[in-house]
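Engineer: I need the structure of the sequence given here:
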Amino acid sequence: AFVAEQAAIDRVAAAVQETHDRLAACVRPDQNAPHVADTRVFGSDAVSFASAEAAVREIIKTWTVDSNWKYCINHLTSAGSSYRLEVIWSTPTRRKPIPSATASVFFTVTYKSETPDIVFVLEHQSTVFGSDTIFREKWLDDIIEHKRLVQEAFPL
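Structural biologist: This is a model prediction of the structure:
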(Lines give C-alpha, C1' and ligand atoms only; values in the text may rest on other atoms or scores of the structure.)
Protein backbone atom coordinates (compact mmCIF):
# COMPACT_ATOMS: atom_id res chain seq x y z
CA ALA A 1 0.00 0.00 0.00
CA PHE A 2 2.87 2.35 0.82
CA VAL A 3 4.45 1.89 -2.63
CA ALA A 4 1.16 2.68 -4.40
CA GLU A 5 0.61 5.68 -2.13
CA GLN A 6 4.13 6.98 -2.82
CA ALA A 7 3.63 6.48 -6.58
CA ALA A 8 0.40 8.50 -6.41
CA ILE A 9 2.17 11.27 -4.47
CA ASP A 10 4.97 11.31 -7.06
CA ARG A 11 2.46 11.61 -9.93
CA VAL A 12 0.65 14.47 -8.21
CA ALA A 13 3.97 16.22 -7.53
CA ALA A 14 4.94 15.80 -11.20
CA ALA A 15 1.57 17.20 -12.33
CA VAL A 16 1.93 20.18 -10.00
CA GLN A 17 5.47 20.82 -11.27
CA GLU A 18 4.29 20.58 -14.89
CA THR A 19 1.52 23.12 -14.22
CA HIS A 20 3.95 25.39 -12.41
CA ASP A 21 6.41 25.20 -15.32
CA ARG A 22 3.63 25.88 -17.83
CA LEU A 23 2.47 28.96 -15.95
CA ALA A 24 6.06 30.13 -15.40
CA ALA A 25 6.61 29.91 -19.17
CA CYS A 26 4.02 32.64 -19.66
CA VAL A 27 6.56 35.41 -20.13
CA ARG A 28 5.95 38.87 -21.42
CA PRO A 29 7.46 39.43 -24.90
CA ASP A 30 9.95 41.94 -23.51
CA GLN A 31 11.50 39.32 -21.20
CA ASN A 32 14.13 37.92 -23.57
CA ALA A 33 11.71 35.93 -25.70
CA PRO A 34 13.61 35.07 -28.91
CA HIS A 35 10.58 35.59 -31.17
CA VAL A 36 10.28 39.30 -30.35
CA ALA A 37 12.76 40.08 -33.12
CA ASP A 38 10.31 38.56 -35.62
CA THR A 39 8.88 41.82 -36.95
CA ARG A 40 7.15 42.65 -40.23
CA VAL A 41 6.21 46.06 -41.58
CA PHE A 42 2.85 47.24 -42.93
CA GLY A 43 2.84 50.87 -43.92
CA SER A 44 4.63 52.71 -41.14
CA ASP A 45 3.74 50.21 -38.40
CA ALA A 46 5.81 47.17 -37.49
CA VAL A 47 3.86 44.03 -36.63
CA SER A 48 5.20 41.32 -34.37
CA PHE A 49 4.14 38.99 -31.59
CA ALA A 50 4.01 42.09 -29.38
CA SER A 51 1.47 43.81 -31.62
CA ALA A 52 -0.49 40.55 -32.03
CA GLU A 53 -0.56 40.15 -28.25
CA ALA A 54 -1.73 43.74 -27.84
CA ALA A 55 -4.57 43.08 -30.32
CA VAL A 56 -5.60 39.96 -28.39
CA ARG A 57 -5.54 41.87 -25.09
CA GLU A 58 -7.86 44.50 -26.61
CA ILE A 59 -10.34 41.77 -27.56
CA ILE A 60 -10.15 40.18 -24.10
CA LYS A 61 -10.93 43.58 -22.54
CA THR A 62 -14.33 43.46 -24.27
CA TRP A 63 -15.16 40.05 -22.74
CA THR A 64 -17.30 39.87 -19.62
CA VAL A 65 -15.52 37.50 -17.26
CA ASP A 66 -15.41 37.45 -13.47
CA SER A 67 -12.37 39.14 -11.93
CA ASN A 68 -11.36 35.77 -10.38
CA TRP A 69 -10.25 34.61 -13.84
CA LYS A 70 -6.59 35.29 -14.59
CA TYR A 71 -4.78 34.65 -17.83
CA CYS A 72 -1.39 34.64 -19.44
CA ILE A 73 -0.47 34.68 -23.11
CA ASN A 74 2.00 32.32 -24.78
CA HIS A 75 3.42 33.02 -28.21
CA LEU A 76 3.17 29.83 -30.24
CA THR A 77 4.10 30.22 -33.92
CA SER A 78 4.34 32.72 -36.71
CA ALA A 79 4.16 32.23 -40.46
CA GLY A 80 4.33 35.15 -42.81
CA SER A 81 2.09 37.80 -41.30
CA SER A 82 0.11 35.36 -39.16
CA TYR A 83 0.69 34.81 -35.44
CA ARG A 84 -0.73 32.08 -33.17
CA LEU A 85 -1.10 32.77 -29.48
CA GLU A 86 -2.47 30.73 -26.59
CA VAL A 87 -4.33 32.43 -23.76
CA ILE A 88 -4.32 30.20 -20.68
CA TRP A 89 -7.14 30.93 -18.22
CA SER A 90 -7.41 29.79 -14.60
CA THR A 91 -8.94 30.81 -11.29
CA PRO A 92 -6.07 30.69 -8.79
CA THR A 93 -6.88 31.29 -5.14
CA ARG A 94 -4.83 32.10 -2.09
CA ARG A 95 -5.29 28.53 -0.84
CA LYS A 96 -4.67 26.98 -4.26
CA PRO A 97 -2.43 29.30 -6.32
CA ILE A 98 -1.64 26.54 -8.82
CA PRO A 99 -4.95 25.47 -10.35
CA SER A 100 -5.76 21.81 -10.94
CA ALA A 101 -7.01 22.67 -14.43
CA THR A 102 -6.69 25.47 -16.95
CA ALA A 103 -8.63 26.44 -20.07
CA SER A 104 -6.90 27.56 -23.26
CA VAL A 105 -8.17 29.82 -26.02
CA PHE A 106 -6.07 29.81 -29.19
CA PHE A 107 -5.91 33.01 -31.25
CA THR A 108 -4.72 33.52 -34.80
CA VAL A 109 -3.86 37.12 -35.65
CA THR A 110 -3.31 37.76 -39.35
CA TYR A 111 -2.14 41.07 -40.77
CA LYS A 112 -3.46 41.43 -44.31
CA SER A 113 -3.51 45.20 -43.93
CA GLU A 114 -2.88 47.55 -41.03
CA THR A 115 -5.96 46.16 -39.27
CA PRO A 116 -5.46 42.61 -38.03
CA ASP A 117 -7.91 39.80 -38.73
CA ILE A 118 -8.39 37.88 -35.47
CA VAL A 119 -10.12 34.55 -34.86
CA PHE A 120 -10.07 32.19 -31.90
CA VAL A 121 -10.79 28.56 -31.06
CA LEU A 122 -11.54 27.09 -27.65
CA GLU A 123 -9.43 24.23 -26.38
CA HIS A 124 -10.52 20.83 -27.79
CA GLN A 125 -13.11 22.41 -30.06
CA SER A 126 -13.20 23.09 -33.77
CA THR A 127 -15.59 26.05 -34.00
CA VAL A 128 -13.76 29.16 -35.17
CA PHE A 129 -15.03 32.40 -33.63
CA GLY A 130 -14.46 35.90 -34.98
CA SER A 131 -13.20 38.75 -32.85
CA ASP A 132 -16.73 40.21 -32.74
CA THR A 133 -18.13 37.08 -31.03
CA ILE A 134 -19.77 37.65 -27.67
CA PHE A 135 -17.57 35.60 -25.36
CA ARG A 136 -19.25 33.50 -22.69
CA GLU A 137 -17.47 32.81 -19.41
CA LYS A 138 -19.41 29.53 -19.30
CA TRP A 139 -17.14 28.26 -22.09
CA LEU A 140 -14.15 28.47 -19.75
CA ASP A 141 -16.16 26.92 -16.91
CA ASP A 142 -17.17 24.01 -19.16
CA ILE A 143 -13.56 23.29 -20.21
CA ILE A 144 -12.40 23.31 -16.58
CA GLU A 145 -15.36 21.16 -15.48
CA HIS A 146 -14.67 18.56 -18.18
CA LYS A 147 -11.02 18.37 -17.08
CA ARG A 148 -12.08 17.95 -13.44
CA LEU A 149 -14.45 15.13 -14.41
CA VAL A 150 -11.60 13.35 -16.21
CA GLN A 151 -9.32 13.88 -13.19
CA GLU A 152 -11.98 12.35 -10.92
CA ALA A 153 -12.57 9.43 -13.26
CA PHE A 154 -8.84 8.70 -13.58
CA PRO A 155 -7.23 9.77 -10.29
CA LEU A 156 -3.46 9.90 -10.08
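Engineer: Poorly predicted segments of the chain, please.
Structural biologist: In the prediction, the chain carries residues with pLDDT under 70 at positions 1, 8-9, 12-46.
Engineer: Tell me where it has strands.
Structural biologist: Across the chain, reading from the start of the chain, the strands by DSSP state E fall at 39-42, 45-48, 70-79, 82-90, 103-111, 116-122, 128-130.
Engineer: Please name whichever of those strands is nearest to Thr62.
Structural biologist: The closest approach between Thr62 and any of these, judged by C-beta to C-beta, belongs to strand 116-122 at 11.5 Å. (Each C-beta comes from the backbone N, C-alpha and C, glycine too.)
Engineer: in the closest one, what counts as buried?
Structural biologist: Judged by neighbour count (16 or more other C-beta atoms under 10 Å), strand 116-122 contains these buried residues: Pro116, Ile118, Phe120, Leu122.
Engineer: The second one: what's it in contact with?
Structural biologist: So that's Ile118. Under the criterion of C-beta atoms under 8 Å, 6 or more residues apart in numbering, the contact list for Ile118 reads Ala55, Val56, Ile59, Phe107, Thr108, Val109, Thr110, Gly130, Ser131.
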